[in-house]
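> below is the structure, and that's it, no one-letter string:
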Ligand SMILES: [Zn+2]
């Protein structure tokens, strides 16, 4: 039986987590929990000071962390150090907000290739190393929520080539219906969640109740139930009363 790549990736991630936890039991961190936090702070300081010299176009962020920790303190990587934290250590918030933007740019301090910020990833199936656009990586690996997978290309809305602020990035280059909806760079709600909302709506919940329950703006819930927004999420579903005008 062929295991789907996503499942395989999740399994690999789970195994890696278990392996780290186990190694941590034997590591200095289990005896002295404050050491993990101290080492993460050391690592952060080192990366922030030396980011330009660390080859994010050659090694993965985890490999860099392992190497630096080994050189500085001869200790392994603490399990609580998450990939998105490491990514943040390689960024710096700009002091001013660019015109046309509401938020600060978050500039990549690691390597650039062909004018774009880059990180290296290793595919869990073939073990191949890939140089990946760090803007895409940032959108695919949010601090909260599941990992995502875009087939489109990142576009900087702020015009700052080093900026990896997800709010300043839009994934482009797919047919319209594919880059909208859940593939949109700023989509908050997954197709699966919206289908769940639609099923509850069909079962009798009101748009107002669902808006409150899932933290989705009421008008947006109504638009989705009328199949005016996120239509691909509810494709094939019959939604109660959608031909009425309320
Ligand atoms: Zn920006």
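Yep, it's here. Predicted, not measured: the structure shown is a model, and the values here were computed from it. Numbers count the residues shown, from 1 in each chain.
> lowest average confidence, helix or strand, in the protein?
Among the helices and strands of the chain, helix 176-179 carries the lowest confidence by mean pLDDT, DSSP states H and E, at a mean of 52.
> who in this protein is up against the ion?
105, 158, 160, 163, 165, 168 (Cβ under 5 Å from the ion). To be clear about C-beta, it is placed using only N, CA and C from the backbone, and glycine gets the same treatment.
> the chain: helices as residue ranges?
Assigned by DSSP state H, the chain shows helices spanning 5-26, 28-31, 33-50, 61-73, 83-89, 134-140, 176-179, 191-202, 207-214, 218-225.
> tell me the most buried of those helices?
helix 134-140 (a mean of 23; mean count of other Cβ atoms under 10 Å).
> quick one: list the elements packing against it.
Under the contact criterion of 3 or more Cβ pairs under 8 Å, 6 or more residues apart in numbering; DSSP states H and E, helix 134-140 touches helix 83-89, strand 116-122, strand 153-156, strand 169-172.
> let me see the mean pLDDT of that helix.
The average pLDDT for helix 134-140 rounds to 93.
> run through who's touching that helix.
56, 87, 108, 110, 116-119, 121, 147-150, 153-154, 156, 163-166, 169, 171, 185 (Cβ atoms under 8 Å, 6 or more residues apart in numbering).
> for stretch 189-201, same thing?
146, 181-182, 207, 210, 214, 216, 221, 224-225, 230, 232-234, 237, 239-240.
> next one: stretch 149-161
Against stretch 149-161 from outside (Cβ under 8 Å, 6+ apart): 6, 94, 98, 100-101, 105, 107, 112, 115-117, 133, 135-136, 139-140, 163, 165, 168-174, 178-179, 183, 185.
> narrow those to those that are buried.
Buried residues within the contacts of stretch 149-161, defined by neighbour count using 16 or more other Cβ atoms under 10 Å: 94, 98, 101, 105, 107, 112, 116-117, 133, 135-136, 139-140, 163, 165, 168-171, 178-179, 183, 185.
> can you pick out the most distant pair from the residues of the chain next to the ion?
160 and 165 (8.6 Å; Cβ to Cβ).
> look up how far the ion lies from the closest residue to residue 113 other than its chain neighbours.
Using Cβ to Cβ, 6 or more residues apart in numbering and skipping the chain neighbours, the partner closest in space to residue 113 is residue 57 (5.4 Å). Residue 57 sits 21 Å away from the ion, going by Cβ to the ion, to the nearest Å.
> tell me, what's the model's pLDDT at residue 57?
95.
> give the contact list for it.
Counting by Cβ under 8 Å, 6+ apart, residue 57 touches 110, 111, 112, 113, 118, 120, 131.
> joint contacts of residue 160 and residue 165?
Common neighbours of residue 160 and residue 165, using Cβ under 8 Å, 6+ apart, are residue 105.
> lowest-confidence stretch among the helices of the chain?
Across the helices of the chain, helix 176-179 has the smallest mean pLDDT, namely a mean of 52.
> in stretch 144-161, what counts as buried?
Judged by neighbour count using 16+ other Cβ under 10 Å, the buried positions of stretch 144-161 are 148, 150, 152, 154, 156, 157, 158, 160.
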